[in-house]
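Chemist: Sequence first, then the predicted structure, then my questions.
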Protein chains: 2
Amino acid sequence: MKVVPTRGVSAPKGFTATGISCGIKAADKKDLALVFSEKPAIAAAAFTTNRVAAAPVRATKENFSPESQAIIINSGNANACTGPDGIANAWSMINLTAKKLGCKPSKVLLASTGIIGHALPIKKIRVGIKELKPEAGVVADQDFSEAIMTTDAFPKQLAVQIELNNGPIWIGGCAKGAGMIAPDLMPHATTIAVITTDAPVKKEDLDIHMKSTLNKSFNAITVDGDTSTNDSFFLLANGAAGDFEMSISEKHRFQEALDYVCLSLAKMIVRDGEGTTKVVEYKVVGAKTETDAISVAKTIANSILVKTAFFGEDPNWGRILAAAGRAGAVFDPDDIELDINGMAIIRLGVAVDYDLAALAQQMKAEEIQVWINLNQAGHQAITYGCDLGFDFVKLNSLYTT
Amino acid sequence: MKVVPTRGVSAPKGFTATGISCGIKAADKKDLALVFSEKPAIAAAAFTTNRVAAAPVRATKENFSPESQAIIINSGNANACTGPDGIANAWSMINLTAKKLGCKPSKVLLASTGIIGHALPIKKIRVGIKELKPEAGVVADQDFSEAIMTTDAFPKQLAVQIELNNGPIWIGGCAKGAGMIAPDLMPHATTIAVITTDAPVKKEDLDIHMKSTLNKSFNAITVDGDTSTNDSFFLLANGAAGDFEMSISEKHRFQEALDYVCLSLAKMIVRDGEGTTKVVEYKVVGAKTETDAISVAKTIANSILVKTAFFGEDPNWGRILAAAGRAGAVFDPDDIELDINGMAIIRLGVAVDYDLAALAQQMKAEEIQVWINLNQAGHQAITYGCDLGFDFVKLNSLYTT
């Protein structure tokens, strides 16, 4: 597998992309992004489980067709909690994009990200859509990745290429962070992620590939525990690499490459979490059920007390166990085992005679692995989280002002 | 109802209390507390639902008898995640207290609070228990309330007196905060709360009174969303006010007085939440079920993004709606209504034309009421929460060091 960090959604054959400033954000920052497939592509999509779903999510779910050709995305305004006007504006974005591209509105997917509860500046967007000129290449990928950013400190994209018997196929991906991040996509993102591929994936396989990858990537991360109103994940496969059928082993390799792209993007989001100084991986093993494993991993990752302890590089592991205990999972505290960065801390529910100075040293790392064995059965889960420090408070206490 | 803020657990007839320093905490701070009833009292108790329940919780649940006479509490060490030694130390505290008081061990209740995962200094506690001299009065109440404190900035107690047909009865209460606060007591605390009364409450009524009051008080607060390993609630009724039967209307008045004491203590905990500058009341009405109402209120109150917005006095109400939407409750976002301190903000899911400057002014208040109507049915719930600012991070990032 060839990994190309400088490329993104227009790396696969037949896709073009662009990103421009249409004036939603201040200071001429890019805020309108488009990805386009020359031929209609097989599409799979997943949306936030939040009941207060934004207008673009509601319109796109209604409009969704498994043969899609374009994704239009604006940043700087979430078009959420905006009532009937918001819904009308979402449909306007779909219709204007279809007109611009000369395709049917049913082939256009839409996502928005930014502040909640403000009216969408549809006049600026209307002018912006007319100006869009999608192309393929490094510049187009970069523009697209910048135009979907909100509080992100850096753009998040990569492309990979794998060789199949009939030649190479590409997967390109792009996502945004960096706040209101606890994606819970159904069929199982505040993330917006766009994945393109020129592989000839069949319609019936694309949903399976998507579901498999989401639970291992975007649904396994959390920055602040707040699942957004606008999370959207789109996967487009246009088959431009060639008209052939992938073998079972090739499908496995496609899945692996897709997982790599999605997990790489998901981890970039955590690393760029607002005010984050550390990425912490919580691996829970030995759970009675997968639900228990996920619940324990996510509860610890979202615990404010655990997050502030990691920020302070304070080896206060009691908070990790306390959070595990309130997760609703079935286990006996006397069975629990805990390792931090490979150091054994707890065995049979009790602290072993570990080296406190060595543990304190481990707490200074930028990447920390927390391993918990519940010793009940064989189920496991991983959640990628982060710390919570002064910069998080600074960034989040004055967001609208 | 007469409210006496300077009195606590020894205000009801027949109860004595004390609090001393036995050397668990540094600087001779009080850390060992006892309340004693001259006659065995009818007892009701509720404990944390956390799976990683501390040794004192596990021992007391096993030892619990509905006829109890004493409650021994240490602060400065939670005796949690301490294995078989921790369990043995918990039983030692029970047995030593029984010996000191000349009662059966089955009549002694135990609670501990403080850091998790450190061995209990049982030798110091053994010496301390021998020195305990419980008395009734203002000084005894004050000593008791100080000795159960951990990171609390101030002691939390009050006593109330109500007049019944057969004379006055007292209810005295004391609780501790101020971190790892999201009590979820079963039968439905990191709080420890002790309530005493000399009212002649029947055994079969005491549990009903307790359950009714817990859901309106301690189970309705959250500081950080982290339900503790040590939460314990004790209610002792020794009948010393007289041997009479309370009428139904008197039982109602008793419940009201008990609710007043417990809600007052619970609110003191939120006000003393680590680094807190504001108390926010979230009242959710119009929910389809009570579970939905509680879930929406607690999810908003525990949202890091909502809490940091309140710290910044930033009227970013979109975060409130986003948190409501991920609570798992059934509602239509187009039905939602939101008021902040009585100002209408959202009607039919959309922002009304409110006065932003006036709302910004309301955000500066120390007490804020958030009212949300889901407009589904008639169920409601209240959660008392707080903000999250720089002092919270400061206090919680360097707890053990």
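Modeler: Sure thing, it's come through.
Chemist: For burial, what's the neighbour tally of the closest residue to residue A:166 other than its chain neighbours?
Modeler: Spatial nearest neighbour of residue A:166, excluding adjacent residues (CB to CB, 6 or more residues apart in numbering or on different chains): residue A:244 at 4.3 Å. To be clear about C-beta, it is placed using only N, CA and C from the backbone, and glycine gets the same treatment. The local packing of residue A:244 (other CB atoms under 10 Å in any protein chain shown) involves 15 other residues.
Chemist: Quick one: residues contacting residue A:244.
Modeler: A:164, A:165, A:166, A:200 (CB atoms under 8 Å, 6 or more residues apart in numbering or on different chains).
Chemist: can you list the residues you listed in a markdown table and add distance to residue B:281 and neighbour count?
Modeler: Conversion of the contacts of residue A:244 to a markdown table gives the following (distance: CB to CB, whole Å; neighbours: other CB atoms under 10 Å in any protein chain shown):
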| residue | distance to residue B:281 | neighbour count |
| --- | --- | --- |
| A:164 | 60 | 19 |
| A:165 | 65 | 9 |
| A:166 | 64 | 15 |
| A:200 | 58 | 19 |
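Chemist: out of these, which one sits closest to chain B?
Modeler: Of all the contacts of residue A:244, chain B sits closest to residue A:200, with 37.1 Å by CB to the nearest CB.
Chemist: The closest one contacts residue A:245, doesn't it?
Modeler: Yes. Shown here, residue A:200 and residue A:245 form a contact pair, counting by CB atoms under 8 Å, at 7.2 Å.
Chemist: Quick check: closest non-adjacent residue to residue A:200.
Modeler: Of all residues not flanking residue A:200 in the chain, residue A:239 sits nearest, at 4.0 Å (CB to CB, 6+ apart).
Chemist: Name the SS class of that neighbour, please.
Modeler: coil (DSSP: H, G, I helix; E, B strand; the rest coil).
Chemist: Could you check how far it is from chain B?
Modeler: 36 Å (CB to the nearest CB, to the nearest Å).
Chemist: before we move on, what about residue A:302?
Modeler: 8 Å.
Chemist: Report the contact partners of the spatially closest residue to residue A:277 that is not a sequence neighbour.
Modeler: Once flanking residues are discounted, residue A:277 sits nearest to residue A:387: 5.6 Å by CB to CB, 6+ apart. Residue A:387 makes contact with A:276, A:277, A:278, A:280, A:307, A:308, A:310, A:311 under the criterion CB under 8 Å, 6+ apart.
Chemist: at 7 Å what do you get?
Modeler: A:276, A:277, A:278, A:307, A:310, A:311 (CB atoms under 7 Å, 6 or more residues apart in numbering or on different chains).
Chemist: Show only the entries of the contacts of residue A:244 found in strands.
Modeler: In strands, defined here by DSSP state E, the members of the contacts of residue A:244 are residue A:164.
Chemist: Using CSV, lay out the contacts of residue A:244 together with distance to residue B:45 and pLDDT.
Modeler: Supplementary listing: these in CSV, determined by distance: CB to CB, whole Å; pLDDT from 0 to 100:
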residue, distance to residue B:45, pLDDT
A:164, 66, 94
A:165, 69, 93
A:166, 70, 92
A:200, 66, 95
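Chemist: Which members of the contacts of residue A:244 are the farthest-apart pair?
Modeler: The most widely separated members of the contacts of residue A:244, counting by CB to CB, are A:165 and A:200 (12.2 Å).
Chemist: Helix or strand for the residue nearest to residue A:166, just tell me which one.
Modeler: When elements are assigned from DSSP states H and E, residue A:244 belongs to no helix and no strand.
Chemist: What sits closest to the residue in the stretch 101-250 of chain A that chain B sits nearest to if chain neighbours are left out?
Modeler: Ranking the residues of the stretch 101-250 of chain A by distance to chain B (CB to the nearest CB) places residue A:116 first, at 2.6 Å. Nearest residue to residue A:116 in three dimensions, chain neighbours excluded: residue B:318, at 2.6 Å (CB to CB, 6+ apart).
Chemist: Where does pLDDT dip in chain A?
Modeler: Where chain A drops to pLDDT under 70, the residues are A:178-190, A:399-401.
Chemist: Return the list of helices and strands in contact with whichever strand in it runs longest.
Modeler: Counting by DSSP E, the longest strand found in chain A is strand A:32-48. With contacts defined as 3 or more CB pairs under 7 Å, 6 or more residues apart in numbering or on different chains; DSSP states H and E, strand A:32-48 has these neighbours: strand A:15-20, helix A:55-63, strand A:67-77, helix A:138-147, strand A:185-186, helix A:203-216, strand A:232-237.
Chemist: Tell me the helix or strand right after the last one.
Modeler: Sequence-wise, the next helix or strand beyond strand A:232-237 is helix A:248-271, with elements assigned using DSSP H and E.
Chemist: Compute the inter-axis angle for that following helix and strand A:232-237.
Modeler: Computed by axes from the mean of the first three to the mean of the last three CA atoms, to 10 degrees, the angle separating helix A:248-271 from strand A:232-237 equals 150 degrees.
Chemist: send the alpha carbons of helix A:248-271 over as CSV?
Modeler: Taking C-alpha atoms only, helix A:248-271 is exported to CSV below (Å, rounded to 0.1, in the frame of the first residue of the first chain):
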residue,chain,number,x,y,z
ILE,A,248,-12.7,-11.9,-2.1
SER,A,249,-9.1,-11.4,-1.1
GLU,A,250,-9.1,-8.1,-3.0
LYS,A,251,-12.2,-7.0,-1.2
HIS,A,252,-10.3,-7.7,2.1
ARG,A,253,-7.4,-5.6,0.9
PHE,A,254,-9.8,-2.8,-0.1
GLN,A,255,-11.3,-3.0,3.4
GLU,A,256,-7.9,-2.8,5.0
ALA,A,257,-6.9,0.2,2.9
LEU,A,258,-10.2,1.9,3.7
ASP,A,259,-9.7,1.2,7.4
TYR,A,260,-6.3,2.7,7.2
VAL,A,261,-7.6,5.9,5.5
CYS,A,262,-10.5,6.3,8.0
LEU,A,263,-8.5,5.5,11.1
SER,A,264,-5.7,7.8,10.0
LEU,A,265,-8.2,10.6,9.5
ALA,A,266,-10.0,9.9,12.8
LYS,A,267,-6.7,10.0,14.8
MET,A,268,-5.8,13.3,13.1
ILE,A,269,-9.1,14.7,14.5
VAL,A,270,-8.2,13.6,18.0
ARG,A,271,-4.7,15.0,17.7
